[in-house]
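*Asks:* Below is the sequence, then the predicted model.
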Amino acid sequence: MELAPVDVPACRICLESPDQQDDSEPLISPCAGCRGFSAYVHFSCMVAFYRSRSRWEDLSCPTCRQFYRGKAAVDLGHLGLLEIEAEFGSNSVPVAIMLAHLGDAYGRLGDFRQMRNLSQRAFEIAKREQYADVAGMLCILGIAHGRLGEFSLMCQSLERARAIYAQRLPASALLFASVTSSLACARGEQGDFPRMRDMLEEALSIQQDTLGMDHIDVARTLNNLGSALGELGDANRMRTMLEESLRIQQRIYGRGHIETAATLTNLGRAHGELGDPARMRELAAAALEIQERTYGQGHLSTAITLMNLGSAESRLGNHATARSLLQSAVEIRVRELGTDHLEAANVLLRLAEISHAANEVEFALESLERVHGIYVQQLGRNHPRSRWTGKRLREWRTAGQTGQFCQPYIQCWQACYRGVAKLFERRRRDARAAALADNHVQGI
């Protein structure tokens, strides 16, 4: 065997470079932690090493211990699933564990439907076989539901998992913190931002005490906490949290890694709220470039970034560009989630606002009518989103083409969200007061 020159990338297992092999198998870089020439490997060498270990559920790099990513992880996972099914049968606990890991690999690839389907099958097997870590299966299933916008189902799964982990404290403190963080995000999607903030601060405290200040789980929780603070109107603290999250992620993964994309998008939103739309556009464009390089154009994960990039262009007065970006985001979500999905309606609402600002009143009215119909159908007529869009629709119809009622999207939409947040805050305050009163009566 002839070794590759030191300045030519070579497979870290067989030490050969592609041009030295007859079949010229390409080198891939399947993990985030290995860098430089040690990042490269032949997939066939990965498979051979994976088989030699026979640890089928372990889809992580043995060198850097980061999970494999992309198609390589999924292909290894399917190979491992076949081996485990052959040894234990298709409805065994080892198969459930492998399905969960394979579903997680699909999630990292961006295929959330397959992640949900595999996770659902894993949970059903684990529940039937009375597997000890059924809560872990519930967590993965809940996250898969959330990635598809199924937030009620996400909350149901995560609440059940959190209750199980709460019974095992302090031994399960980190698991409790992890599921609390995920559940907090689901609560935020339902509009309960005070609860989202409180749960994330609880999770962050546990993670920092246990893992240290620079762990990747701390970065993820800081990212989510920044989003909650932004929805509650605290843009300065939002920016601080997100800058710290990005610092940790870039130190661990390097610049341009897919893990940093969501943080860049959220940080852009913070700068937009603080009156810097040019910086908002710059960060959103950087996030979009990372996502499209990783997943390809038109992937579901790019929709939220296109939305934020469109908002930045609108704030800069580039309404035609903003409209094009938001139209792309609408098409992605409608294609992936369906025409009556709430996530599709959220993007369409922003497109309606920008179209109305550009005096494209007929298209704006048509879009807003569709949004209002989806909200009424999915949330009911008395939900704050339904009431707000109904009021907005009446104003636009009355105003005609004058545009006199059109206000910037972010201010109006956040006003609606903050109204929901205040309602949840008031309900919790009343519940605490009632509990104190009950305790006082019992004490008497």
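*Replies:* Nice, thanks for sending it over.
*Asks:* where exactly do the helices run in the stretch 51-200 of the chain?
*Replies:* Under the criterion DSSP state H, counting those that start in this stretch, the stretch 51-200 of the chain contains helices at 70-88, 93-109, 112-128, 134-147, 151-166, 173-189, 193-211.
*Asks:* Tell me the buried residues in stretch 74-86?
*Replies:* Residues of stretch 74-86 classed as buried: 74-77, 80-81, 83-85 (neighbour count, 16 or more other Cβ atoms under 10 Å). All C-beta spots, glycine's among them, are computed from the backbone N, C-alpha and C.
*Asks:* same deal with stretch 316-335?
*Replies:* Neighbour counts using 16+ other Cβ under 10 Å place 318-319, 321-323, 325-330, 332-334 of stretch 316-335 among the buried residues.
*Asks:* Just the residues you listed: which are in helices?
*Replies:* 319, 321-323, 325-330, 332-334 (DSSP state H).
*Asks:* Save those as TSV, and put in distance to E189 and pLDDT too.
*Replies:* Listed next are those as TSV, based on distance: Cβ to Cβ, whole Å; pLDDT from 0 to 100:
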residue	distance to E189	pLDDT
H319	28	87
T321	28	93
A322	24	92
R323	26	89
L325	22	94
L326	20	91
Q327	24	90
S328	22	94
A329	17	92
V330	19	90
I332	18	92
R333	14	89
V334	19	87
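*Asks:* need the contact list for the nearest residue to G188 once chain neighbours are set aside.
*Replies:* Sequence neighbours aside, M196 is the residue nearest to G188 in space, at 3.7 Å (criterion: Cβ to Cβ, 6 or more residues apart in numbering). Neighbouring residues of M196 by Cβ atoms under 8 Å, 6 or more residues apart in numbering: 184-185, 187-188, 224, 228, 231.
*Asks:* Which of these are buried? Put it as a ChimeraX command.
*Replies:* Burial among the contacts of M196 is assessed by 16+ other Cβ under 10 Å; the matching ChimeraX selection reads:
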select :184,185,187,188,224,228,231
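*Asks:* Now pLDDT and distance to T389 too, for the contacts of M196, in TSV please.
*Replies:* Compiled in TSV, the contacts of M196 are given as follows (pLDDT from 0 to 100; distance: Cβ to Cβ, whole Å):
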residue	pLDDT	distance to T389
A184	96	26
C185	91	24
R187	92	22
G188	89	20
N224	95	26
A228	95	23
E231	90	18
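*Asks:* Make TSV from the contacts of M196 and add distance to F176 to it.
*Replies:* Output for those, formatted as TSV (distance: Cβ to Cβ, whole Å):
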residue	distance to F176
A184	12
C185	15
R187	16
G188	19
N224	16
A228	19
E231	24
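*Asks:* which residues sit in contact with R160?
*Replies:* Counting by Cβ under 8 Å, 6+ apart, R160 touches 135, 138.
*Asks:* if you set the cut-off to 6 Å instead, what comes out?
*Replies:* L138 (Cβ atoms under 6 Å, 6 or more residues apart in numbering).
*Asks:* Any regions of this structure where pLDDT drops low?
*Replies:* In the prediction, the chain carries residues with pLDDT under 70 at positions 1-7, 19-23, 400-444.
*Asks:* tell me the centre residue of it?
*Replies:* For the chain, the residue nearest the mean C-alpha position is R147 (6.1 Å; Cα atoms, centre = their mean).
*Asks:* That one and E244, how far apart?
*Replies:* Applying Cβ to Cβ, to the nearest Å, the value for R147 to E244 is 25 Å.
*Asks:* what does K127 give?
*Replies:* Taking Cβ to Cβ, one finds K127 at 39 Å from E244.
*Asks:* which of the two has more neighbours?
*Replies:* More crowded of K127 and E244, by other Cβ atoms under 10 Å: E244, with 19 against 13.
*Asks:* all helices for the stretch 201-350 of the chain, in order.
*Replies:* Using DSSP H, counting those that start in this stretch, helices in the stretch 201-350 of the chain cover 216-231, 235-253, 261-273, 277-295, 302-315, 319-337, 342-357.
*Asks:* want to throw the ones you listed into CSV with distance to D192?
*Replies:* Output for the helices of the stretch 201-350 of the chain, formatted as CSV (distance: least, Cβ to Cβ, whole Å):
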stretch, distance to D192
helix 216-231, 10
helix 235-253, 17
helix 261-273, 19
helix 277-295, 26
helix 302-315, 20
helix 319-337, 22
helix 342-357, 15
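*Asks:* how near is the closest residue to W396 other than its chain neighbours to E282?
*Replies:* Among residues not flanking W396 along the chain, L365 sits closest, at 5.7 Å (Cβ to Cβ, 6+ apart). Using Cβ to Cβ, L365 is found at 33 Å from E282.
*Asks:* Also L229?
*Replies:* L229 sits at a distance of 22 Å from E282 (criterion: Cβ to Cβ).
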